[in-house]
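K.L.:
when you get a sec, could you give me coordinates for this:
(chains A and B)
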Amino acid sequence: MITTNRPILFKNARLIDPDSGREERGGLLVRDGIIADVGPQVAAAADAEIIDCGGQVLAPGLIDMRAFIGEPGAAHRETLKSAGEAAAAGGVTTIVSMPDTNPVLDDPAIIDFVMRRARDTSIVNIRPAAALTKGLKGEEMAEIGLLQDAGAIAFTDGARSVTNAQVMRRALTYARDFDALIVHHVEDPDLVGQGVMNEGEFAARLGLPGIPREAETVMLERDIRLVRLTGGRYHAAMISCGDSAEIVRAAKASGLPVTCGVSISNLALNENDIGHYRTFFKLSPPLRHEDDRQAVIDALANGTIDVIVSDHNPQDVETKRLPFAEAEDGAVGLETLLSAALRLVQAERISLPKLLRAMSTRPAEILGLPGGRLQRGAPADLILFDPETPYVLDKRQLRSLSKNTPFDEARLEGQVTVTMVAGRIVFDRRTAS
Amino acid sequence: MKDAHPIAFPHRHLLGIEGLSPLDIKALLDLADEKVEVSRQVEKKKTTLRGRTQINLFFEPSTRTQSSFEIAGKRLGADVMNMSVASSSVKKGETLIDTAATLNAMRPDLIIVRHHAAGAVHLLAQKVDCSVVNAGDGAHEHPTQALLDALTIRRNKGRIAGLTVAICGDILHSRVARSNMILLAAMGAHVRLVAPSTLLPPGIERLGFEMHRDMKTGLKDADIVMMLRLQRERMNGSFVPSVKEYFRFYGLDQEKLNYAKPDALVMHPGPMNRGVEISSEVADGAQSLIREQVEMGVAVRMAVLEALASHLPNR
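P.N.:
Numbering: from 1, shown residues only, chains lettered A, B, ... in the order given. Sure, this is the predicted structure:
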């Protein structure tokens, strides 16, 4: 048993601090749950437990701004405990959980419940995002001030978009007084209509109704105009195409408090992966054309896109083993987030520090969390990984209670060896079964 | 003596505080001070408006303002007739201007008007030959409320100039706030507006008032805390999330009142929503002027009616 009081020294590591961009060989000393020292020369504490990293990468733990967890209400798909285990195995040390639960996270008492339950059962940090509107109905704003006091880290209607512009305007206006972050799923449901995949040639071929890029861009443009009007802090949860990236770039250039994310699926996959109606590839936003995938990778590399999210969404057989158009959206992603993202490094589309920045430093900055830095005084939320270890994913090995991964049998490179949360080792592949 | 020689008030109507000079305001407040004494006597009846007809034309229901004007008119000897929307021909489709013309033909001397639309009282005033008093038009102005507030402040603090007055709550929908902002600034008070951004009219920051989104900074060292009513239909997620949240962050309780000066006084135009914008503890507490405001209301309205009497058309 590891006592939390005993210091831990990581030595012989490839240290990457995505905040400063610094990359160097050295060590890192953890004491009392924080990084006590880091650098080429770190004095060993006499009583420290020593982990020889063997040249592997030591970096801040990943912060995933978007995961759906079934607790409360759908614990057969995922619990706070199982999500924590999946996250730890994937190198995610902080999860922002979505409010689309049953009951919805729109009441301070329910936020309080989730916070306590996560603390008691999850091995990683889970911070709930509260509903932006009551019951996720998009009509009346939720108790932003009281929910924030209870511990809500952001406000979002999760997988739903707020279609009423007046509601969105008032929510942005009100949230600004509390410096609360509004995270929005940008997808106009009327333009989505019956659509189930990217609109275009491939959808035409499959005989499936399409979702135009404009479902995303129209909503995003509207939101950005409302941000300009209100000054509220706004984060577009996920964008999926080049046009959206251009809209966000322009908004940032004009100084608006706008940030955005991208789902790992839209970075790693495209619509062709749907193949012959494979429902594990039915996602929202949908997998787009390869040109869009390339455009969002570019936008990530040039900083227009701030963060990468897993968009972890556990679904069971009942909701996925259906005709494509009838299946639920979503894929699990916590455990494969890092491996799938590393493909971009292997393809030389982005540097490793920049990639890690989009999964640790930037989410921490946007959410106001102290993590995401490999610096003295930062919380000891850390991952040790070899970015080049090849493996083939076997979905049966996933710790998540749901197995709906789009990466089953995929060849991936890079796996987490050790995950540490607040100075405690919560995952260790060297000893894991 | 004073009844026989009304003050020189250079306006035929009282449509708003906007347009009144500090001298006009001071004259009305001085006159109102005398009317307080009149109202405290056993014999309250004067003859200033004897033979005059005053119509209270209320397109919006109001118990306290209407009865205050009715008592004021009667104490000055006028014949007062109340006309509320429920019994008027407006319900039958008559336009505001037709109503005005009809009433005008009955040769009233004073019409007191409340209307739900901003600017409606101005419109009506253009169509009648008598004096018109605005008793509240939409979210525009409610001049007699601002005057009674000013009278209450002056009698308790001895002055208005130099005081810090925090106006808190639903400023967006409040005609009381607008009239008070103008009057208090004109009389040299330092006015602060304290509200969530959803309850502030966009663009108000350009009017030059000190703005606060937080009661703690907004009430700091205030001499007067003026609370506004939050209407029920605005509490549940449209402008603010809930009563609970509103009271927690913007409701005046003793803890928040302690941010203000120790001798700060609390006002509210009524009717109050206890537990929404104000706690009972504060509303009924030693720092509350809310009852006194009602008394000052009658005095101010008597002063206004008397001041306008010098311009009555058939004099």
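K.L.:
residues near B:F209, how many?
P.N.:
By other Cβ atoms under 10 Å in any protein chain shown, 17 other residues sit near B:F209. C-betas here are computed from N, CA, C, even on glycine.
K.L.:
quick one: contacts for it?
P.N.:
Going by Cβ atoms under 8 Å, 6 or more residues apart in numbering or on different chains, B:F209 touches B:181, B:185, B:191-193.
K.L.:
inside strands: which ones of these?
P.N.:
Per DSSP state E, strands hold the following members of the contacts of B:F209: B:191-193.
K.L.:
can I get the buried ones among the contacts of B:F209 as something I can paste into PyMOL?
P.N.:
Applied in PyMOL, the following selects the buried portion of the contacts of B:F209 according to 16 or more other Cβ atoms under 10 Å in any protein chain shown:
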select buried, chain B and resi 181+185+191+192+193
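K.L.:
so which of the contacts of B:F209 are also by chain A?
P.N.:
By Cβ under 8 Å from any Cβ of the partner chain, no member of the contacts of B:F209 lies near chain A.
K.L.:
and the contacts of B:F209 as JSON lines, adding pLDDT?
P.N.:
Putting these into JSON lines (pLDDT from 0 to 100) gives the following:
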{"residue": "B:M181", "pLDDT": "97"}
{"residue": "B:A185", "pLDDT": "97"}
{"residue": "B:V191", "pLDDT": "97"}
{"residue": "B:R192", "pLDDT": "97"}
{"residue": "B:L193", "pLDDT": "98"}
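K.L.:
and of the contacts of B:F209, the nearest to A:S402?
P.N.:
Of all the contacts of B:F209, B:L193 has the smallest distance to A:S402: 51.4 Å, by Cβ to Cβ.
K.L.:
what's the nearest residue to whatever residue of chain A ends up closest to chain B if we skip its chain neighbours?
P.N.:
At 2.2 Å from chain B, A:E140 is the closest residue in chain A, using Cβ to the nearest Cβ. Nearest residue to A:E140, sequence neighbours excluded (Cβ to Cβ, 6 or more residues apart in numbering or on different chains): B:G237, at 2.2 Å.
K.L.:
what about the residue of chain A closest to chain B, how many residues nearby?
P.N.:
For A:E140, the tally of surrounding residues (other Cβ under 10 Å) stands at 17.
K.L.:
try the one 5 residues further on
P.N.:
Neighbour count for A:G145, taken as other Cβ under 10 Å: 24.
K.L.:
thought B:F247 was touching it, still the case?
P.N.:
No: with contact defined as Cβ atoms under 8 Å, A:G145 does not count as touching B:F247 (10.9 Å).
K.L.:
around the residue nearest to A:E140, how many other residues sit close by?
P.N.:
Counted by other Cβ under 10 Å, the residues lying close to B:G237 total 20.
K.L.:
contacting residues for B:V225?
P.N.:
Counted by Cβ under 8 Å, 6+ apart, B:V225 has contacts B:166, B:168, B:219, B:252, B:257, B:260, B:264-267.
K.L.:
same question, A:S360
P.N.:
Counting by Cβ under 8 Å, 6+ apart, A:S360 touches A:18, A:59-63, A:371-373.
K.L.:
coming back round to it: selecting buried members of the contacts of B:V225 in PyMOL, what would you type?
P.N.:
Only the buried entries of the contacts of B:V225 go into this PyMOL selection, using 16+ other Cβ under 10 Å:
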select buried, chain B and resi 166+168+219+252+257+260+264+265+266+267
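K.L.:
in strands, which of the contacts of B:V225 fall?
P.N.:
B:166, B:168, B:265-267.
K.L.:
can you give me the mean pLDDT across stretch A:270-286?
P.N.:
Here stretch A:270-286 scores 97 as its mean pLDDT.
K.L.:
would you turn the ones in strands among the contacts of B:V225 into JSON lines with pLDDT and distance to A:I350?
P.N.:
Formatted as JSON lines, these follow (pLDDT from 0 to 100; distance: Cβ to Cβ, whole Å):
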{"residue": "B:A166", "pLDDT": "98", "distance to A:I350": "52"}
{"residue": "B:C168", "pLDDT": "98", "distance to A:I350": "51"}
{"residue": "B:L265", "pLDDT": "98", "distance to A:I350": "63"}
{"residue": "B:V266", "pLDDT": "98", "distance to A:I350": "60"}
{"residue": "B:M267", "pLDDT": "98", "distance to A:I350": "61"}
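K.L.:
nearest to chain A, of the residues you listed?
P.N.:
Of all the ones in strands among the contacts of B:V225, chain A sits closest to B:C168, with 13.7 Å by Cβ to the nearest Cβ.
K.L.:
assess the claim that that closest one and B:L199 are in contact.
P.N.:
No: between B:C168 and B:L199 there is no contact under Cβ under 8 Å: 9.7 Å.
K.L.:
residues contacting the residue of the stretch 1-150 of chain B found nearest chain A?
P.N.:
Nearest residue of the stretch 1-150 of chain B to chain A: B:A139, at 16.9 Å (Cβ to the nearest Cβ). Residues near B:A139 by Cβ under 8 Å, 6+ apart: B:118, B:172-175, B:178.
K.L.:
you'd agree it is in a strand?
P.N.:
No: looking at B:A139 with DSSP: H, G, I helix; E, B strand; the rest coil, it is coil, so not inside a strand.
K.L.:
please report how far it lies from B:L172.
P.N.:
7 Å (Cβ to Cβ, to the nearest Å).
K.L.:
same question for A:A154.
P.N.:
27 Å.
K.L.:
higher neighbour count, the two?
P.N.:
A:A154 (26 against 19).
K.L.:
shouldn't that one be in contact with A:Y234?
P.N.:
No: in this structure, A:A154 is not within contact of A:Y234 by Cβ under 8 Å, at 10.6 Å.
K.L.:
between these two, what contacts are shared?
P.N.:
Listed contacts common to A:A154 and A:Y234 are A:181-182; contacts here mean Cβ under 8 Å, 6+ apart.
K.L.:
which bits of chain B sit near chain A?
P.N.:
Within reach of chain A by Cβ under 8 Å from any Cβ, chain B has these residues: B:196-198, B:202, B:213-214, B:236-242, B:244-245, B:248-249.
K.L.:
out of these, which end up buried?
P.N.:
Among the residues of chain B next to chain A, those that count as buried by neighbour count (16+ other Cβ under 10 Å) are B:196-198, B:213, B:236-237, B:239-242, B:244-245, B:249.
K.L.:
of the residues you listed, closest to A:R31?
P.N.:
So of these, ranked by how close each gets to A:R31 (Cβ to Cβ), first place is B:F249, at 39.7 Å.
K.L.:
what kind of secondary structure is the closest one in?
P.N.:
Applying three-state DSSP: B:F249 is helix.
K.L.:
list phi and psi for the closest residue to it other than its chain neighbours.
P.N.:
Spatial nearest neighbour of B:F249, excluding adjacent residues (Cβ to Cβ, 6+ apart): A:G145 at 5.2 Å. Backbone geometry at A:G145, expressed as degrees, to the nearest 10, gives phi -70, psi -50.
K.L.:
show me where pLDDT drops low in the stretch 1-150 of chain A?
P.N.:
Applying pLDDT under 70 to the stretch 1-150 of chain A flags the ranges A:1-4.
K.L.:
what does it have sitting close to chain B?
P.N.:
Residues of the stretch 1-150 of chain A found near chain B (Cβ under 8 Å from any Cβ) are A:133-134, A:139-146.
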